[in-house]
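> task: produce atomic coordinates for the following.
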Amino acid sequence: DGEVEFRSPLDVGSEDTLLASEMAARPVLVPAWFQNGTSSKAPAAVTHSPTADLGASVATSALEQYKIRLHLSCYPLSVGQRTQDWFAARRFTLTGSSASTFISHAKKVQDAQVAVRVSEARWRSNSTQDKAKHDADAATASASAVVDKAFEFALKCWFDNSRRSSRAMLAGHRNEPQVTSAIKQRDYVLAWTEMGVMSYLHDPALSVSPDGGGVLVDAVAQRQLVQRVMDAIVSGTQLSMVEGLHASVADITPDDHTPLDIVNTYGMLERLYVTGEIKTVVAPKSVCEARTRHRQGVALAKTLEANTSSWLYDTVTSTFRCTFGDDLFNTVVPASHRSQLAHAIIVTGMDGVLYTV
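This is a model prediction of the structure:
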């Protein structure tokens, strides 16, 4: 029951060459998996002036609503990214890129500690004291090594300034502004903003540095409503009679605004508040894998759509819509990125993620 972004659906590339300017062409919208499939509704009333620039007005109001939602779950530690304060703010916190590794190390530490307790118990109760003592000592040494490795990772993650960005990382940094610009141009994106490091209100040890965030609407429902508005204008029907528009639309003159601006301002479309994650693939193998995931995702979506009334893949916007953990999500989102998307939703408290590859 939900729509798909972790910036939100997965953009995995096309059959054509994946150019940097085309990387935002196929996003995947992923709604929050821990909120029982619910998402925010559009406001019940509209306060825009009939003579206002509706496009700019709805973007401004949607952005303000987004900031309110965001501040209910986290607060900013830095404004931009890859600045001195951004690097400093990422220290001593678990960000999306490091959280899964930290969790892996923590599990290994926990398992090692259990092994030590088991070995010591056997040593105390076993008649073959020498072997049991040797096993206990070995388990203790192994646990110590695991803990040391975990601390070593933390130190490198937070303080190792000698690490250089890889070619893929540099390509991703250069590509993000182009992808962000493309995202902002999409009709179903009501508002989009860049973000820095955001700290989790409920646990400062958790933070996230998303590639932006904003407010989206259902792309298919939006197009259908735009078409009904265009038909009403052509036939001379009052816009207040169009299904899906707020009654206050009667206050405007249709000729003064585009059908899209009318829909985005007065349309009773469900809104999805999302954070963004952009992934740039560079290596030929990664590009091939991304294209394969896209083809498999399209085929699976078409199969699943036969048994549901909602869309899962929109051919016009090349967008997938899936729920965290379902078959379509696991098909289009690689396993290495899934925990990062979940981490972003937990920290920001958003409805989902616009995930673009």
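> packing partners for whatever helix or strand L170 lives in?
Assigned by DSSP states H and E, L170 belongs to helix 167-184. Secondary-structure packing of helix 167-184 (3 or more CB pairs under 8 Å, 6 or more residues apart in numbering; DSSP states H and E): strand 189-193, strand 271-278, strand 352-356. Yep, even glycine has a C-beta here, placed from its N, CA and C like the rest.
> and the last one with strand 189-193, angle?
Taking axes from the mean of the first three to the mean of the last three CA atoms, to 10 degrees, one finds strand 352-356 and strand 189-193 inclined to each other by 80 degrees.
> direction included, what does strand 352-356 pair against?
Here strand 352-356 has these sheet partners by DSSP bridges: strand 27-31 (antiparallel), strand 271-278 (parallel).
> comparing these by mean pLDDT, which bottoms out?
Of all the strands paired with strand 352-356, strand 27-31 carries the lowest average pLDDT, namely a mean of 45.
> tell me the buried residues in whatever helix or strand comes next after that one?
Moving toward the C-terminus from strand 27-31, the next helix or strand (DSSP H and E) is helix 54-71. For helix 54-71, burial by neighbour count (16 or more other CB atoms under 10 Å) applies to 54, 57-59, 61-63, 65-66, 69-70.
> and if you look at stretch 85-96?
Quick answer for stretch 85-96 (16+ other CB under 10 Å): 86, 89-90, 93-96.
> including distance to T265, secondary structure and pLDDT, could the residues you listed go into a markdown table?
What follows is the buried residues of stretch 85-96, written out as a markdown table (distance: CB to CB, whole Å; DSSP: H, G, I helix; E, B strand; the rest coil; pLDDT from 0 to 100):
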| residue | distance to T265 | secondary structure | pLDDT |
| --- | --- | --- | --- |
| W86 | 35 | helix | 83 |
| A89 | 36 | helix | 83 |
| R90 | 38 | coil | 81 |
| T93 | 39 | coil | 83 |
| L94 | 40 | strand | 81 |
| T95 | 36 | coil | 84 |
| G96 | 34 | helix | 78 |
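> report the two of the residues you listed separated the most.
Maximum pairwise distance in the buried residues of stretch 85-96, criterion CB to CB, is 15.8 Å, between W86 and L94.
> distance of L225 relative to Y200?
Counting by CB to CB, to the nearest Å, the gap from L225 to Y200 is 36 Å.
> look at those two and report which has more neighbours.
More crowded of L225 and Y200, by other CB atoms under 10 Å: L225, with 25 against 20.
> give me the residues contacting the one helix or strand the more buried one maps to.
Applying DSSP H and E as the criterion places L225 in helix 219-235. Helix 219-235 is contacted from outside by 186-188, 237-239, 241-245, 254-255, 259-260, 262-264, 267, 269-270, 311, 314, 316-317, 319, using CB atoms under 8 Å, 6 or more residues apart in numbering.
> how about stretch 144-163?
Taking CB under 8 Å, 6+ apart as the rule, stretch 144-163 contacts 90-92, 98, 101-102, 105-106, 108-109, 112.
> mind giving me the ChimeraX select for those, buried ones only?
Burial among those is assessed by 16+ other CB under 10 Å; the matching ChimeraX selection reads:
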select :90,98,102,105,108,109,112
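> rebuild the contacts of stretch 144-163 as CSV, extending it with distance to C157 and secondary structure.
Listed next are the contacts of stretch 144-163 as CSV, based on distance: CB to CB, whole Å; DSSP: H, G, I helix; E, B strand; the rest coil:
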residue, distance to C157, secondary structure
R90, 8, coil
R91, 9, coil
F92, 10, coil
S98, 5, helix
T101, 8, helix
F102, 8, helix
H105, 11, helix
A106, 14, helix
K108, 16, helix
V109, 16, helix
A112, 20, helix
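> redo the contacts of stretch 144-163 as a markdown table? Include distance to M350.
Below are the contacts of stretch 144-163 laid out as a markdown table (distance: CB to CB, whole Å):
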| residue | distance to M350 |
| --- | --- |
| R90 | 20 |
| R91 | 24 |
| F92 | 24 |
| S98 | 20 |
| T101 | 23 |
| F102 | 22 |
| H105 | 27 |
| A106 | 25 |
| K108 | 31 |
| V109 | 31 |
| A112 | 36 |
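> between the contacts of stretch 144-163, which is nearest S336?
T101 (10.8 Å).
> need the contact list for the closest one.
153, 157.
> over to T83?
Per CB under 8 Å, 6+ apart, neighbours of T83: G196.
> tell me the pLDDT at V4?
The predicted local confidence for V4 is 40.
> for W33, same thing?
Looking at W33, the pLDDT reads 30.
> cool, and D137?
68.
> so where do the helices sit in the stretch 251-357 of the chain?
259-266, 284-305, 327-332, 335-348 (DSSP state H, counting those that start in this stretch).
> I'd like these laid out as a markdown table, including distance to T193.
Formatted as a markdown table, those follow (distance: least, CB to CB, whole Å):
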| stretch | distance to T193 |
| --- | --- |
| helix 259-266 | 17 |
| helix 284-305 | 26 |
| helix 327-332 | 25 |
| helix 335-348 | 12 |
